[in-house]
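Participant: model the structure of this input:
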Amino acid sequence: QVHLVESGGGLVQAGGSLRLSCAASGLTFNTYAMGWFRQAPGKERGFVAAITWSGRNTRYADSVKGRFTISRDNAKNMVYLQMNSLKPEDTAVYYCAALRNFFSYEYDYWGQGTQVTVSS
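Facilitator: Now for the predicted structure:
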């Protein structure tokens, strides 16, 4: 059974930083591109960042480019999202996902989410 478990969310002031983690189990982790998505209240879930299975390539939504960094550790089955210069509009539930491929916005598996709240 596949499990993706996010952690690291919380309340932070605008301009601050958070590091989200996602622990994966039950899948061949190093064959999957991984991604982060987010969903704010009243909005659809949207793409944030993705990373190839090797970690060599990444891509980001324009709204987070230059502020967020996705990374992974295949030895630990972990994927991370370092979020800097946070803004109130970054407030959302953040989800980790195992992508169908690096360029896809579709995913085979996703976690339960972790709440990020950025106060102004």
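Participant: and Ser71, which of the three is it?
Facilitator: strand (DSSP: H, G, I helix; E, B strand; the rest coil).
Participant: quick one: it and Arg56 touch, right?
Facilitator: No - using Cβ atoms under 8 Å, Ser71 is not in contact with Arg56; the gap is 11.2 Å. Bear in mind the C-beta positions are built from the backbone N, C-alpha and C, glycine included.
Participant: so which of these two has more stuff around it?
Facilitator: For Ser71 versus Arg56, neighbours defined as other Cβ atoms under 10 Å are more numerous around Ser71 (15 against 7).
Participant: without its sequence neighbours, what residue ends up closest to that one?
Facilitator: Tyr80 (4.9 Å; Cβ to Cβ, 6 or more residues apart in numbering).
Participant: bridged to the one you found, which residues?
Facilitator: Ser21, Ser71 (DSSP bridges).
Participant: next helix or strand past the lowest-mean-pLDDT helix or strand in the chain?
Facilitator: Least confident element among the helices and strands of the chain, by mean pLDDT, DSSP states H and E: strand 107-110 (a mean of 92). Later in the chain than strand 107-110, the nearest helix or strand by DSSP states H and E is strand 114-119.
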